[in-house]
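Enquirer: A structural model of the following input is requested.
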Amino acid sequence: MIGIFKGWIGEVITNLQSRLFLDKKEYHLIKNVTIPTEDGTTQIDHVIVSRFGVFVVETKNMKGWIFGGERQKTWTQQIYKHRNKFQNPLHQNYKHTKELEKLLNINPSVLFSVVMFVGDCEFKTPMPENVTIPGKYIDFVKSKKEELLTQEEAERIIHAIESGRLKPSFKTHREHVRNLKKIHEK
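Expert: Predicted structure coming up:
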């Protein structure tokens with residue numbers, strides 16, 4: 001239950017930052033997007049659609065030191081002498097971007113993976129530019145200035161996500177968690 005609450009807090013911070021610092025006329029925020037996949041479902045914390053691309057955002061609420069590399073399968077969280085391994089969030093978000101690419105039938109060059117760490121954490125290894133903390137998250141999104149989509153294409157993508165996603169609900173979340181457990185047991 002604590003993990004769910006921590007995740008929710010992280011997502012609230014992302015929502016707040018997006019609403020405060022991204023122009024609503026330019027950037028459309030879609031929260032909690034669960035889409036069907038071949039092996040069950042995948043749940044995306046946030047999708048931001050703009051003429052500058054589609055940003056697929058994974059939020060991690062963690063504290064302590066974070067160690068990891070772009071290509072490593074697992075990363076490490078260290079709090080004092082305690083170490084905890086967790087799935088590389090870039091790999092996790094890669095699946096999200098690929099599934100969204102399939103759902104939307106779009107060129108992968110318009111999709112941007114973003115991982116935002118909230119909480120009292122510090123990166124102890126160099127991170128790629130798309131792994132950020134709250135202040136830098138908005139900077140990364142706004143750094144994409146080339147128009148990759150027309151306004152009509154962006155609106156079509158928003159509609160496709162809204163119509164292709166599962167209805168956000170506790171039941172959808174519970175079924176997604178059940179699917180994840182089945183996959184990880186294999």
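
Enquirer: in this protein, which residue sits furthest out from the middle?
Expert: No residue in the chain sits farther from the centre than Lys81, which is 28.9 Å out by Cα atoms, centre = their mean.

Enquirer: what's the spacing between that one and Asp120?
Expert: 17 Å (Cβ to Cβ, to the nearest Å). Just so you know, the C-beta spots here come from the backbone N, C-alpha and C atoms, and that holds for glycine as well.

Enquirer: could you do Arg71 as well?
Expert: For Arg71 relative to Asp120 (Cβ to Cβ), the value is 27 Å.

Enquirer: Glu175 too?
Expert: 32 Å.

Enquirer: now Pro108
Expert: Separation of Pro108 from Asp120 (Cβ to Cβ) stands at 34 Å.

Enquirer: check His28 too.
Expert: 31 Å.

Enquirer: who's more crowded, these two?
Expert: His28 (18 against 10; other Cβ atoms under 10 Å).

Enquirer: part of a strand, is that one?
Expert: Yes - per DSSP: H, G, I helix; E, B strand; the rest coil, His28 lies within a strand segment.

Enquirer: skip the chain neighbours and tell me the closest residue to it.
Expert: Nearest residue to His28, sequence neighbours excluded (Cβ to Cβ, 6 or more residues apart in numbering): Val49, at 4.6 Å.

Enquirer: and the one you found, what element?
Expert: For Val49, the element it lies in under DSSP states H and E is strand 40-50.

Enquirer: using the three-state scheme, assign Val141.
Expert: Applying three-state DSSP: Val141 is helix.

Enquirer: for the residue lying closest to it once chain neighbours are set aside, phi and psi?
Expert: Of all residues not flanking Val141 in the chain, Phe55 sits nearest, at 5.6 Å (Cβ to Cβ, 6+ apart). Taking degrees, to the nearest 10, you get phi -100, psi 120 for the backbone angles of Phe55.
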